[in-house]
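Asks: below are the sequence and a predicted model for it; my questions follow.
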Amino acid sequence: ELEAIRAELEGERTERAMLTAQIDRLAVERAEALERLTRLEETAGEANALRERLRASEAAAGDQKTRLETSERGLIAAEKEAEGWRERAVAAEARLISLEEDQHRLMADARSERERLTREVERAKVSREEHREGHALESA
């Protein structure tokens, strides 16, 4: 009977050793699982930080896009205004050319008129001289 009790004790010791080994393995697995969980939480924290940076970058990109669109609208308005000024400049240049042509024509007319008047004055002088000579001859 003592042998049976010893055998039973030995069986319980063996079972206890197996359970202790299993508990040790489970403790190691638990420690590894906790370590993985910690790493996952760190990774999740990094992912959240990256997500926040991404949101901030997207917001900044949206702001830059808005500023760019505003600048583009301003540029388009400035180009339209510049085109208007170019059109006015072309019209002014055409008017200036027309005025210069008028000036040349008027100057040519003035030269012709001066030449005509000069000829008339010369004729009048000649005529007056002839008239004086005629009176002088008549008086004599």
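Replies: Okay, I see it.
Asks: from residue 11, how far off is residue 19?
Replies: Look at residue 19 and residue 11: by Cβ to Cβ, to the nearest Å, they are 12 Å apart. (C-beta placed from N, C-alpha, C; glycine too.)
Asks: where does this structure have low pLDDT?
Replies: For the chain, applying pLDDT under 70 flags the ranges 140.
Asks: change it to 90
Replies: 1-3, 129-140 (pLDDT under 90).
Asks: so where do the helices sit in this protein?
Replies: With DSSP state H as the criterion, the chain has helices at 2-139.
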